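J.: Sequence and predicted structure, then a few things I'm wondering about:
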Amino acid sequence: MDAYRAALLRFDELDQPQRLEDALLVVSEGRILAAGPFAEVAARHPGLSWSDWRGRTLAPGFVDAHVHFPQIDVIGSPADGLLPWLENYTFPHEARFADPAYAAQIAEVFLDELLRHGITTAMTYCSSHPASAEAFFAASEARGLRMVAGKCLMDRNSPEPVRDDTHQGLRDSQALIERWHGRGRLGYALTPRFAPSCTDAQMLGAAELARAYPGTWVQTHVAENHDEIAWVRQLYPSARSYLDVYDRLGLLRERSMYAHCIHLDAEDRARLAASGASAAVCPTSNLFLGSGLFDFTAARAAGFHWGLACDVGGGTSFSPFRTMLAAFEVARLSGVTLSPGELWYRHTLGAARAMGLGDRIGNLAPGHEADFLVLDDRATPLLARRTGAANSLAEWLFAMIVLGDDRAVSAALAQGRRVSGRLPA
Ligand code: GUN
Ligand code: ZN
């Protein structure tokens, strides 16, 4: 049993953020046994000893709803929008992940970077090569992380080095499910890249596998970019909408994550909500590629689940602080003000719920897995000034969102064990 005395950030029963200035977090066998005011928790556990981390804040690990592992070295590749970016930078780079040794090396770099920024769970695209998924799962397992990932399916309209074969891609996905889904804390996501890069036969096969293995996830992209949408309209002239293509093929379901969801209409949003599917909102990517602005008002009205995501390499930073700030700025452009508490929720418990994992991760509550961060709200001189002058939790959270970065994440722990950074002395 391990216990830590520090400030603690969590979400209450109404999903409102709460900061306890003097708290005790008790961890046993990788899970949270108790979390609450220091005096109360200490009294309930006589004889307990603890590490004194006062001055730091314990917070739930960030959850990222959508990111591409083979794109870490694609960040910052400028292009005239999504399709030229895929063709000129992304596909050629992803071709390298056919090499298992290279994939294994980059999986470590990628996980180092996620954890350094405080992301302890991510819904992750691998490349189309099974070796890339093998490498990602093996590296995640070795670190004891909860990760969801899949090899992407792409059997058409893609250059040969990244294109898979319709049925071989499905057989490879099934073999990866058998080998990795449910092993440790790992989960498999069937990953049709996006409708233009998958034949109907392949998407139908993915939907069939998702039904055969109901605990698996589905992830794909939808309604990100106008040229992409025009292409889908050409390929599917009789579909009501881009989202409808996936719906007809059986891919819209609970435990499915639709990245971007920018250019949807009211019927699409209602279908998302009714199906129990979720959206991954990727503001730094949408700004960088000029894809568009997610409609937070319409999302709220429709009531579908959504979580924040970095979408590296389209996204420009792994940092949840940068992603939350970008979401805030994009919402402001349409006259909506997202509260700092909601922003934080959407990158922790809200993103976990969008993945169907809200009972396990995303909060510091008894029974949750002990994936948490040690935050330093004095990591830089200006951050120290702003957090020090905060008169409310909202002001404190906002100072962290606007001024925080990886330096504010002193350490990350998964199942109660350090996986990144340095623990306080
Ligand atoms: N659509 C299809 N593939 C991709 C990708 O790799 N990144 C983004 N942002 N959109 C996509
Ligand atoms: Zn993406």
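T.: That came through fine. Ligands and ions are numbered 1, 2, ... in the order given.

J.: My read is that A207 contacts L249, right?
T.: Yes. With contact defined as CB atoms under 8 Å, A207 reaches L249; the gap is 5.7 Å. For every residue, glycine as well, the C-beta is placed using N, CA and C.

J.: Looking at the chain, which helix is longest?
T.: What stands out as the longest helix in the chain, according to DSSP state H, is helix 100-116.

J.: contact partners of it?
T.: Helix 100-116 has contacts (CB atoms under 8 Å, 6 or more residues apart in numbering) with 64, 67, 69-70, 72-73, 96-97, 120, 122, 127, 129, 131-132, 134-136, 138-140, 143, 145, 318, 406, 409, 412, 419-421.

J.: pLDDT (mean, whole number) over it?
T.: For helix 100-116, the mean per-residue pLDDT is 98.

J.: what does stretch 46-56 give?
T.: For stretch 46-56, mean pLDDT rounds to 97.

J.: what's the answer for stretch 163-171, then?
T.: For stretch 163-171, mean pLDDT is 98.

J.: what do you get for stretch 331-343?
T.: What stretch 331-343 shows for mean pLDDT is 97.

J.: now swap in stretch 241-251 and tell me
T.: Summarised as a single mean, pLDDT over stretch 241-251 is 98.

J.: try stretch 369-382
T.: On average, stretch 369-382 scores 98.

J.: Just the buried residues of it, please?
T.: Within stretch 369-382, the residues scored as buried using 16 or more other CB atoms under 10 Å are E369, A370, D371, F372, L373, V374, L375, D376, D377, A379.

J.: Could you do stretch 342-356 as well?
T.: Within stretch 342-356, the residues scored as buried using 16+ other CB under 10 Å are 342-356.

J.: start to end distance for it?
T.: End-to-end distance for stretch 342-356, by CA to CA, to the nearest Å: 18 Å.

J.: now that stretch, how far from the chain's geometric center?
T.: Using CA atoms, centre = their mean, to the nearest Å, the mean C-alpha position of stretch 342-356 is found 9 Å from that of the whole chain.

J.: what comes into contact with that stretch?
T.: Stretch 342-356 has contacts (CB under 8 Å, 6+ apart) with 9, 11, 15, 17, 59-65, 121, 123, 148, 217, 254-255, 257, 278-281, 305-309, 320, 323-324, 327-328, 338, 358, 360-363, 397, 401.

J.: Show me what the longest strand along the chain is packed up against.
T.: For the chain, the strand with the greatest residue count under DSSP state E is strand 17-28. In terms of contacts (3 or more CB pairs under 8 Å, 6 or more residues apart in numbering; DSSP states H and E), strand 17-28 is packed against strand 2-11, strand 31-37, helix 38-44, strand 51-60, helix 340-346, helix 393-403.

J.: Would you format the ones you listed as TSV with distance to A195 included?
T.: Shown next, in TSV, are the helices and strands packed on strand 17-28 (distance: least, CB to CB, whole Å):
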stretch	distance to A195
strand 2-11	35
strand 31-37	40
helix 38-44	51
strand 51-60	34
helix 340-346	26
helix 393-403	34
